[in-house]
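# coordinates for the following, if possible.
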Amino acid sequence: RRCRRSSSCQSENEEWSARVRSLSGGSEQLEPTPKAREGKLDRCIKKTTNMDLSTVENASENSVWLAKEIRGVRKKLKQIAHLLEAQAKSIVLSTEQKAKVDRRTALEAELSVFESAMEEVERRIK
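Here you go, the predicted model:
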């Protein structure tokens with residue numbers, strides 16, 4: 001987004017940064033929601049096992065959804081691979097980047113769940 005005046009952009013960015021710092025740096029810790037406690041992999045498994053594949057239309061809709069999920073997980077794994085390459089070149093990773101790298105095994109598990117569900121959907125479509 002472009003601003004007409006650079007000073008207004010700068011002040012807007014400073015306000016935004018201050019707001020983010022105040023939200024993240026507060027002493028109050030937010031309780032994770034029940035969905036967050038459940039875990040992403042568990043939700044993936046539940047969603048893929050409860051898919052309605054009774055008709056070709058439903059299977060096609062699920063195929064589109066699964067393709068998007070698979071693409072997103074592969075994109076995250078590719079970003080992690082780039083971070084690991086950077087780390088191998090002695091580049092120090094930020095805490096957010098380290099957290100992303102730590103999610104690698106969970107993402108690989110999600111990918112295998114989604115890919116196996118996609119195989120089932122493709123079998124139903126044929």
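
# can you give me the helices for the protein?
Remark: helices assigned in the chain by DSSP state H are 6-24, 34-38, 40-49, 56-88, 95-102, 104-125.

# flag every buried residue along the fourth one.
This means helix 56-88. Neighbour counts over helix 56-88 (16 or more other C-beta atoms under 10 Å) mark 59, 62-63, 65-66, 69-70, 73, 76-77, 80, 83 as buried. Glycine gets a C-beta too; all of them are placed from N, C-alpha and C.

# tell me the spacing between the closest residue to Asp52 other than its chain neighbours and Ala81.
Spatial nearest neighbour of Asp52, chain neighbours left out: Asn58 (4.6 Å); criterion: C-beta to C-beta, 6 or more residues apart in numbering. Distance of Asn58 to Ala81, computed by C-beta to C-beta, to the nearest Å: 34 Å.

# same deal with Ile91?
Where Ala81 is concerned, Ile91 sits at a distance of 14 Å (C-beta to C-beta).

# then stretch 47-54 to PDB, C-alphas only?
The C-alpha coordinates for stretch 47-54 follow below in PDB (Å, rounded to 0.1, in the frame of the first residue of the first chain):
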ATOM      1  CA  LYS A  47     -11.200 -33.500   8.900                       C
ATOM      2  CA  THR A  48      -9.800 -36.100   6.400                       C
ATOM      3  CA  THR A  49     -11.500 -39.100   8.000                       C
ATOM      4  CA  ASN A  50     -14.800 -37.300   8.100                       C
ATOM      5  CA  MET A  51     -14.800 -36.200   4.500                       C
ATOM      6  CA  ASP A  52     -18.000 -36.900   2.600                       C
ATOM      7  CA  LEU A  53     -17.100 -38.900  -0.500                       C
ATOM      8  CA  SER A  54     -20.500 -40.300  -1.200                       C
END
